[in-house]
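> Mind folding the following:
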Amino acid sequence: MNARAYSSKTFAALGVRNFRLYFFGQLVSVSGTWMQSVALGWLVLQTTGSSVDLGYVVALQFVPMLVAGPYGGVVADRRHKRQILYVTQSVSGLLALALGLAVTWHQVSMPLLYVMAGLLGLVNLFDNPARQSFVQEMVGPELIANAVSLNSVLMNAGRLIGPGIAAGFIAVFGSAVCFYANAASYVAVLLALVLMRSADFLPMRTVSRERGQVRLGLAYVNSQPRLREVIVAVAAVGTFAYNFTVTLPLLARTTFHAHSASDYGVLMAAMGLGAILGGLVMAYRARPTTPLLAGLTLAFAVGLTLVGAMPSFTLAALVLIPTGAISIAFVSTANSFLQTNSTQEMRGRVMSLYALAFLGTTPIGAPLVGLVVHYSNPRVGIWMGAAVALVTGLFLARTAMVNREVPLRASAAYQ
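Modelled structure (predicted):
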């Protein structure tokens with residue numbers, strides 16, 4: 001296949017005007033978000049130097065999703081996603097601005113950081129399922145897998161760009177500039193939402209407010225073995241293996257004795273580079289299956305094992321590139337599988353359960369990993385995630401064999 005045909009297939013969703021606007025607006029915003037993530041993690045370590053405090057700050061950003069994740073999905077199913085995003089993106093920008101002002105005015109304390117982390121989590125409760133299910137309204141079911149993979153590329157392009165800029169800003173100007181830059185980046189998203197053409201959106205049914213909608217969403221997922229098993233697998237990996245915002249700064253600072261935010265930024269950028277490559281491969285492949293997800297989970301276990309075993313900072317950064325590629329392939333495959341195999345009326349709730357499994361479990365995993373690292377070292381925390389990924393991959397491989405002759409069911413009760 002020549003380069004033009006490869007490019008046409010890999011970037012097919014960008015041919016849709018609304019998605020193209022969304023993509024480039026989010027690219028600016030996500031870069032700012034990763035700048036804030038680096039600055040926030042480094043700010044905690046500067047304030048207390050505690051891995052446990054860092055774990056709590058990371059965890060608090062996902063507590064609302066853990067406690068009320070399915071409700072965020074119900075709101076996404078009831079209302080137009082674009083309206084929800086206007087609100088959530090605006091509030092996120094204001095919170096970033098508040099963090100910047102707190103640093104500038106020397107008002108930073110751990111209680112304040114805990115409160116701000118919790119408020120960010122409250123916004124994400126509604127923002128995440130709305131963003132996830134909004135993609136199909138822009139591109140339709142035929143391009144959803146491609147769009148999800150490109151969205152993964154987008155998120156990790158931000159991870160590649162943001163930490164490097166953040167490290168330089170922190171070294172030269174201090175942490176506050178990272179928060180101000182993130183606040184400004186939300187303007188790009190809001191502008192993209194304004195410029196979208198309403199007539200180009202695919203018609204999507206919303207559900208009326210009524211009692212029992214959260215329970216109905218849970219029952220729907222439970223009635224679909226393949227959806228249920230993918231969400232269980234994502235929950236296991238999300239809890240124990242996807243704690244890079246805890247393990248990587250500690251690996252840089254404790255294991256490799258880094259004393260600069262730029263070293264942490266290098267590790268995050270290496271993983272982001274790999275994730276971009278992995279996302280482009282998945283955008284080309286674009287057919288999510290359970291056996292593929294099982295293989296990616298096992299490969300992720302191998303990658304984490306190697307990262308934890310590397311004897312030097314440079315080798316760890318190099319191994320993070322393929323590990324990042326595998327990690328994003330796992331995420332995009334699970335995401336697109338759930339979106340393409342759930343009904344319109346349930347998609348917001350299904351994706352909220354995905355967000356609960358992948359992100360909402362962070363309040364459990366981040367403090368746990370922080371404690372493990374506190375009483376051992378960052379390598380052990382990474383290897384714990386590798387062990388869970390290995391068991392999860394074997395579970396998915398077994399269920400893929402059992403369910404290969406069983407079609408996904410779409411009960412009339414959920415149509």
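> Show me what the mean pLDDT comes to for stretch 248-259.
In this model, stretch 248-259 has a mean pLDDT of 79.
> May I see the buried residues of that stretch?
248, 249, 250, 251, 252, 253, 254, 255, 256, 258 (16 or more other Cβ atoms under 10 Å). Where you see a C-beta, it was placed from the backbone N, CA and C, and this is true even at glycine.
> Need the phi and psi values for residue 310.
According to degrees, to the nearest 10, the main-chain angles of residue 310 amount to phi -60, psi 130.
> For the residue most central in space within the chain, which three-state class applies?
Residue closest to the average C-alpha location in the chain (Cα atoms, centre = their mean): residue 359, at 6.9 Å. Here residue 359 is recorded as helix under DSSP: H, G, I helix; E, B strand; the rest coil.
> and the gap between it and residue 367?
15 Å (Cβ to Cβ, to the nearest Å).
> try residue 234
20 Å.
> Run through the chain and note the low-pLDDT ranges.
1-8, 51, 156-160, 163-164, 204-214, 259-262, 285-286, 360, 403-415 (pLDDT under 70).
> 50 instead, please
405-415 (pLDDT under 50).
> Where do the strands of it begin and end?
Assigned by DSSP state E, the chain shows no strands.
> who has more neighbours, residue 234 and residue 367?
residue 234 (27 against 22; other Cβ atoms under 10 Å).
> so who does the residue lying closest to that one once chain neighbours are set aside touch?
Closest residue to residue 234 apart from its sequence neighbours, by Cβ to Cβ, 6 or more residues apart in numbering: residue 357 at 4.3 Å. Residues near residue 357 by Cβ atoms under 8 Å, 6 or more residues apart in numbering: 231, 232, 234, 235, 238.
> what do you get for residue 120?
Contacts of residue 120 by Cβ under 8 Å, 6+ apart are 61, 92, 95.
> Give the burial count for residue 353, as a bare number.
27.
> Ok, the one 3 residues further on next?
Using other Cβ under 10 Å, residue 356 is surrounded by 26 other residues.
> Which of the contacts of residue 357 are buried, as a ChimeraX select command?
Here is the ChimeraX command that selects the buried residues among the contacts of residue 357 (16+ other Cβ under 10 Å):
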select :231,234,235,238
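> Now, the contacts of residue 357 that are in helices?
231, 232, 234, 235, 238 (DSSP state H).
> hang on, the last one packs against residue 366?
In other words, residue 238. No - the pair residue 238 and residue 366 fails to qualify as a contact (Cβ atoms under 8 Å) at a distance of 10.6 Å.
> What degree of burial does residue 109 show, as a neighbour count?
So residue 109, with other Cβ under 10 Å, has 11 neighbours.
> any idea how far it lies from residue 43?
In terms of Cβ to Cβ, residue 109 sits 11 Å off from residue 43.
> Could you do residue 116 as well?
Distance from residue 116 to residue 43, by Cβ to Cβ: 11 Å.
> next one: residue 299
When residue 299 is compared with residue 43 (using Cβ to Cβ), they lie 34 Å apart.
> more crowded one of these two?
Neighbours per residue (other Cβ under 10 Å) separate residue 299 from residue 43, with residue 43 holding more: 25 against 19.
> Can you give me the neighbour number for the residue nearest to the more buried one when sequence neighbours are not counted?
Leaving aside its sequence neighbours, residue 43 sits nearest to residue 175 (Cβ to Cβ, 6+ apart; 5.3 Å). The tally of other residues near residue 175 (other Cβ under 10 Å) stands at 23.
> And for residue 314?
Residue 314: 12 neighbours (other Cβ under 10 Å).
> now it: how far from residue 154?
Residue 314 is 28 Å from residue 154, by Cβ to Cβ.
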